[in-house]
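J.: Sharing a sequence plus its predicted fold:
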Amino acid sequence: MTTATVPPPRTVGRSLVVTAATAAVAEAVVGVLQLTRSDSGAGVHDARVHAVLTLFALALLAAAPLWWRLGVLTGARWAGGTLVAGNLLLAFGTTVSNVNGSDPAFFGPLAVVANAAVLVGLLGLAIAARRGRTLPGPLALLLPVYLIGLVPLSQLGGNLLRGAVLAAVLLALSTAAGRLSTAAGR
């Protein structure tokens, strides 16, 4: 009789690395495009704005598995799920805006609810990651920067900060998983 090998609880799979890295790169590209834009931001959707909105929605969706996994690892699935729900709402609103060429009437209320969900999720993950030492203390406490890069700094390249947070979380989880698997192999 063979027994199935159960992966260590803190492993980071290849698909998680790919999606989180995709999210981090997409956020960084959006940040650079925002920093280098020359338009007045009057709401007219040209090719650059469509690219920014497309990449931003992609980043929100691609980050979801990382946030969910962090929730699982910290024992705060509710926080990971809340953050993922906020990201999904923002991705939906962004995609509708992109397709329509302008924000729909419901975008304002949707963004308020989505951003509140992201904030609650980030705070929950930050506290759980700090308490459980799932992430290094300073990084756990910096998780809310992910939202700061979205709301107040979005037109000033704040997505660069969001990409950096995603990359740092991915690196920390990957490093921790590597240490665990190395220790398990001894």
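T.: That came in fine, so what should we check first? Numbers count the residues shown, from 1 in each chain.
J.: which residue ranges form the strands in the chain?
T.: Assigned by DSSP state E, the strands in the chain number zero.
J.: Lowest-scoring secondary structure element of it by mean pLDDT?
T.: Ranked by mean pLDDT, DSSP states H and E, the weakest helix or strand in the chain is helix 159-185, scoring a mean of 72.
J.: In space, what's closest to the residue positioned nearest the centre of the chain - neighbours in sequence excluded?
T.: The chain has Ala63 as the residue nearest its centroid, 4.0 Å off, counting by C-alpha atoms, centre = their mean. Spatial nearest neighbour of Ala63, chain neighbours left out: Ala23 (3.9 Å); criterion: C-beta to C-beta, 6 or more residues apart in numbering. Every C-beta, even on glycine, is put in place using the N, C-alpha and C of the backbone.
J.: so what pLDDT did the one you found get?
T.: If you check Ala23, the pLDDT there is 90.
J.: Same question for Ser15.
T.: Looking at Ser15, the pLDDT reads 83.
J.: Likewise for the one 4 residues further on?
T.: You'll see Thr19 listed with a pLDDT of 88.
J.: what's the burial count for it?
T.: Neighbour count of Thr19, defined by other C-beta atoms under 10 Å: 20.
J.: quick one on the thing from earlier: can you name the residues that contact the residue nearest to the centre of the chain?
T.: Ala63 makes contact with 19-20, 23, 87, 166 under the criterion C-beta atoms under 8 Å, 6 or more residues apart in numbering.
J.: go with 7 Å
T.: 20, 23, 87, 166 (C-beta atoms under 7 Å, 6 or more residues apart in numbering).
J.: Let me know whether Leu119 touches Val145 as I believe.
T.: No: the criterion here is C-beta atoms under 7 Å, and Leu119 misses it with Val145 at 11.8 Å.
J.: Please enumerate the helices of this structure.
T.: Counting by DSSP state H, the chain has helices at residues 14-35, 47-74, 77-100, 107-132, 137-142, 145-148, 159-185.
J.: Could you tell me the least trusted of these?
T.: Going by mean pLDDT, the lowest-scoring of the helices of the chain is helix 159-185, which has a mean of 72.
J.: Could you check how many residues crowd around Arg14?
T.: 7.
J.: going forward, begin numbering at 167 instead of 1
T.: Right, with 167 as the first residue, what we last looked at is Arg180.
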